[in-house]
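[1] Okay, sequence plus prediction incoming.
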Amino acid sequence: MKLEGKVAIVTGSSRGIGRAIAIGFAREGAKVVVAARTDAPKEGKPKGTIYDTVKEIESLGGKAIAVKCDVTDEQSVQKMVEVTVETFGAIDILVNNAGVAFPVPILETTLKQWELALKVNLTGAFLCSKAVAPHMIKRGRGSIINISSLAADEKDLGTVYYWCGLRSSQSRS
């Protein structure tokens, strides 16, 4: 077990990639803080809660706690860090995985959607990193892993044209 004795916080781990990361860390021996906003099923939303992820980790023999956290709220992030240190005594790994996306052309993207994406995807990673860094610095070690979209590396102009609301045929004229 490569992560035996380590403590990992994984944001956005109620479902998707974050859930898989949290379970993977637990399988490698880490104690995991499953952090996300989703603490109850919601109509019309993808299935998965922080408690579901913890239950799966525990069924595999791992240790985990669920912490409801809104990464865009500094007090919520501080509380997540406090609960982690109170429960497990340290923070060795932070995975900034929480994120949102609105896969629609820019002309259909609302300002509210844009601002939410910036708050969750950028400010959230900043707030979480800032909150755990003092604990890692004090101990002289730690790892912060930032997850981002592959769209930032997109070389297919078709995607760029789609996002801008242009048709492929228009872009080639």
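    Nice, I can see it. Predicted, not measured: the structure shown is a model, and the values here were computed from it.
[2] all contacts plus neighbour counts: C-alpha atoms, from now on.
    Fine.
[3] now what about stretch 89-99, what contacts it?
    Stretch 89-99 is contacted from outside by 6-13, 17-18, 36, 71, 84-85, 117, 120-121, 124-125, 128-129, 132, 135-136, 141-148, using Cα atoms under 8 Å, 6 or more residues apart in numbering.
[4] Of the residues you listed, which belong to strands?
    Among those, DSSP state E puts 7, 8, 9, 10, 11, 36, 143, 144, 145, 146 in strands.
[5] what pairs with the first one across the strands?
    Following DSSP bridges, residue 7 is listed with bridge partners residue 31.
[6] For residue 2, list the residues it contacts.
    Contact partners of residue 2, counting by Cα under 8 Å, 6+ apart, are 28, 29.
[7] So for it, what pLDDT did the model give?
    pLDDT for residue 2: 95.
[8] Mind telling me what element it is part of?
    Using DSSP states H and E, residue 2 falls within no helix or strand.
[9] now this structure, which segments are flagged as low pLDDT?
    Along the chain, segments meeting pLDDT under 70 span 150-173.
[10] 90 instead, please
    1, 38-47, 101-106, 148-173 (pLDDT under 90).
[11] what ranges do the helices span in the chain?
    16-27, 50-59, 74-88, 111-118, 124-139, 157-163, 168-171 (DSSP state H).
[12] Let's have those helices in a markdown table, adding distance to residue 102 and mean neighbour count.
    Listed next are the helices of the chain as a markdown table, based on distance: least, Cα to Cα, whole Å; neighbours: other Cα atoms under 10 Å:
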| stretch | distance to residue 102 | mean neighbour count |
| --- | --- | --- |
| helix 16-27 | 16 | 21 |
| helix 50-59 | 23 | 20 |
| helix 74-88 | 24 | 17 |
| helix 111-118 | 7 | 13 |
| helix 124-139 | 17 | 18 |
| helix 157-163 | 10 | 16 |
| helix 168-171 | 20 | 11 |
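[13] got the ones you listed as JSON lines, with distance to residue 94 columns?
    Below are the helices of the chain laid out as JSON lines (distance: least, Cα to Cα, whole Å):
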{"stretch": "helix 16-27", "distance to residue 94": "11"}
{"stretch": "helix 50-59", "distance to residue 94": "16"}
{"stretch": "helix 74-88", "distance to residue 94": "10"}
{"stretch": "helix 111-118", "distance to residue 94": "20"}
{"stretch": "helix 124-139", "distance to residue 94": "7"}
{"stretch": "helix 157-163", "distance to residue 94": "31"}
{"stretch": "helix 168-171", "distance to residue 94": "40"}
